[in-house]
Structure formats: C-alpha cells, structure tokens
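Undergrad: test case, fold it:
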Amino acid sequence: MGQGVVAPQMPRLFSGSEGHLALSSGISATLMYLGIFVSTLRYGKLADEGKANRLLGVGLISYSLSLVLLSLFHSEACIYMIRFLEGLALSAIYVAADFLLGRLSQVGERGKWLSFYGVALSFGLLLGPAIALTTAHWVSGDLASFFSINFVAILAIGLSYFAFRIRVPRLSREVFSTESNLHRPALISGGVYGYMEAGLVAVFPFLAIHYFNILPEYCLFTVLIAAAVTSVFWGWLADRLGPQRVVLFLLVLLFCGSLLFSGLFSGLLFGHQWSFPKHAIAYLSCVFFGVLARGMYPVAFAWLLKMLPESQYGFASGSFARAYGLGSLLGPMAAGGLVQILGPGGFFLAMGAGGAMGLAWVGRQGLMPARRKTAIEKLRA
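TA: This is a model prediction of the structure:
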C-alpha cells in the first residue's frame, strides 16, 4: 500500500524541481533500491539468529516513520535521505517476510505460500492508489496526500504489534551449518526479476504518456491485476514440476515475448508496418509483464530455499533481496538508455536482454550441471 500511495505522489513531492523532475525521481528511486542492496545480508543474519519477528516489527515501524517524514518534508535533500531510509526499512520487511514464509511452510507447498505473498503485494499496490483517490475525493491539495500517506503509516504501526508476536520454532544447534554456498542460478533469477520490475516501473509510465497515449495508472492496474490473478498458478506449478523448470520457462518467455513486443511496436516484424493499435500493444505488454513478475519472484526464491538447509534461510533471504536490489539498480538504467537511443522498442529490447542474460547463467550453472550429474550417476549404476 505504501508503495502504491507514494509512487504517484513523487511529482508533487518534487514540486520545486520541475526543470529536472525525471532526474530527481530517478535518483530518489535509486537511493531507495540502494538502501535495500546494502542492508539485506545483515538482516538475513539477524533472521537466522531467531530475530525475524523483531526484524519485521522494527521494519514496519521504520517504514511508518519514513512515510510520515515524506509527508512532512519536501526539499530534495530531505526526500533523498528519507528514500534511502525507506529502502532500509523495506529491506527488513522483505527479508523477514521471505524468511518466515520459508520456515513456516511445508516443502511441498512452499511455492504456493510464496505465491500468496505475491498476491498480497499486488493487491496492496492496487489499494494504494485507491486510498489516495478516495482521500482526494474528500480532501483537496496537499492535505489529501498527507492523510493518505499517514493512513498507511498508521496501518504499518498496527501490523508491527502482530509482527512482534510471531513465534518461529528454533532449530537445534546440530542442524546449523557454517557453509554459505548459495545456489547462484536462483539468485540470478531474483536479480532478473528486480531488473524487469524496476525497469518497468521507472520507464513504462513515460512510454504510456508519450508513445501509447494512455494514462500510466491504467497500465499499473493492468499489471497488478494480471500479477495477482496468475501468481498462485505459478506457485502451484513450481510445487508440481519443480521450481527450476518453471524459472527456465519464465526466462524463455521473458526473452521471446519481449522481442515479439519490440517487433510489433517498431513495425519490423515480417518487414512491414503493423496496423495493430498501439494502445492494444501497451495493455497486452502490461499483462505479459504482470504475469512474469509474480511468477519469477516466488518460484526463484522457492528454488533457492530448496537447495539449502533451514539454518541458512535467513542468509538466503538476505542474499535474494540483495540480488533483487542489484537488478533493480541496473534495470532502469538499461531500459531508459535504450529508449533514449532506439525509441519505445528499446524498452522491450532491454527486457529481452535481461531474459537472455538470465537464460545464459541459469542454463549453464543451474540446469545443465544437474543433468550431467544425473547422467554420470546412471552410468555408475
């Protein structure tokens, strides 16, 4: 909800920076993702030490404080500082929530429960703009923004009470491992997810206004509804077929689908100009990226946990959030740069490049070695 409320408010918060509004918004988002990137491993260690409930509670309180500060201070320097603190708080929430879902779910149902988390994220993001619009209907101007942001802050404070009361069964000392070897292909998949999501959020609203001639809010709703509707399906499929197969399929879909949309919009497919309506391509691509987004996150994280003992779930959660943060830092730069050079088709090429890089790493380090190992074991038998 907080992200859904804050994101549409950024142009108003930077009201004194009209000359470089896009740059200011981009810097503030980068600082938020930087806060996520630098803090995740420490938070993961705290979760492994049995402090996940306190991590979640303090994260919610800190996030509430960042929202209150955003509603009060609107200078550029203050917003940059607050957005970095917001990233630190969000990182604590992400790591603790991932850890708790991993520890409290059964192995055969982990993909399903992680997908429920994806559904919650989607509906929360949908409720954010709804809260802002409802508040604006009753209160006008800066007061509407103040009340909507602080309403979510109060909700976060209320949730922190329940977070502190969560109890996680402690592991015996015998099961703790000093090894910290993470399954790198699963982490790379999380990075690709962050790359795609951040690039979409940062660049697609610009395309919606200047190329597709539609309101970006409609694009956001389309993405989130598609994500919420299909998230549970991907989790169920991962529990049935194995998360590694589903991740590979999603990366192939990202690569091939992005190239298809690039060709449709650029008029290069089959060597002639398409008469396909631009707004139809926009909405179809929103559905496409929404479906991918809520599949890649829970399935990739379930794959990571599958390769580790429970004693390393906190470290895994922190590392996964760190990979997501790194991808989120790179996605907007790649998408924005290619759009600047090639036009709107460059956005889809940037997304396809992310899928191609993910495929190269996951195929080489994730699936192929496992297949070779199985073949060797059969020969030995």
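
Undergrad: which residues of the stretch 101-250 of the chain score low on pLDDT?
TA: Scanning the stretch 101-250 of the chain for pLDDT under 70 picks out the ranges 141, 171-182.

Undergrad: list the buried residues of stretch 128-145.
TA: Neighbour counts over stretch 128-145 (16 or more other C-beta atoms under 10 Å) mark G128, P129, I131, A132, T135, A144, S145 as buried. For glycine as for every other residue, the C-beta is placed from the backbone atoms N, C-alpha and C.

Undergrad: hmm, who's touching that stretch?
TA: Identification of contacts with stretch 128-145 by C-beta atoms under 8 Å, 6 or more residues apart in numbering yields 1-9, 12, 71, 147-148, 151-152, 217, 220-221.

Undergrad: helices of the stretch 201-350 of the chain, start to end?
TA: Ranges of helices within the stretch 201-350 of the chain are 216-241, 243-266, 278-306, 313-342, 345-361, based on DSSP state H, counting those that start in this stretch.

Undergrad: among those, which comes closest to A208?
TA: With C-beta to C-beta, the closest approach to A208 among the helices of the stretch 201-350 of the chain belongs to helix 216-241: 4.4 Å.

Undergrad: how distant is the closest one from the center of its chain?
TA: 12 Å (C-alpha atoms, centre = their mean, to the nearest Å).

Undergrad: okay, the angle between that helix and helix 243-266?
TA: 150 degrees (axes from the mean of the first three to the mean of the last three C-alpha atoms, to 10 degrees).

Undergrad: by contact count, what packs against helix 216-241?
TA: Packing partners of helix 216-241 (3 or more C-beta pairs under 8 Å, 6 or more residues apart in numbering; DSSP states H and E): helix 110-138, helix 184-210, helix 243-266, helix 278-306.

Undergrad: tell me what angle the first one forms with helix 216-241.
TA: Using the same axes, to 10 degrees, the inter-axis angle of helix 110-138 relative to helix 216-241 is 160 degrees.

Undergrad: nearest spatial neighbour of S262, skipping sequence neighbours?
TA: Take S262 and drop its neighbours on the chain: the residue closest to it by C-beta to C-beta, 6 or more residues apart in numbering is F348, 3.6 Å away.

Undergrad: can you give me the distance of the one you found to N53?
TA: As for F348, its distance to N53 is 42 Å (criterion: C-beta to C-beta, to the nearest Å).

Undergrad: could you turn the buried ones of the contacts of stretch 128-145 into a ChimeraX selection?
TA: Per 16+ other C-beta under 10 Å, the buried members of the contacts of stretch 128-145 correspond to this ChimeraX selection:
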select :1,2,4,5,6,7,8,9,71,147,148,151,152,220,221
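
Undergrad: so what's V168 up against?
TA: G50, A52, N53, L100, R103, L104.

Undergrad: can you check Y313 too?
TA: With C-beta under 8 Å, 6+ apart, Y313 has these contacts: A47, D48, F99, G102, R103, L305.

Undergrad: try L155
TA: M1.

Undergrad: just the pLDDT at L90, thanks.
TA: Turning to L90, the model gives it a pLDDT of 93.
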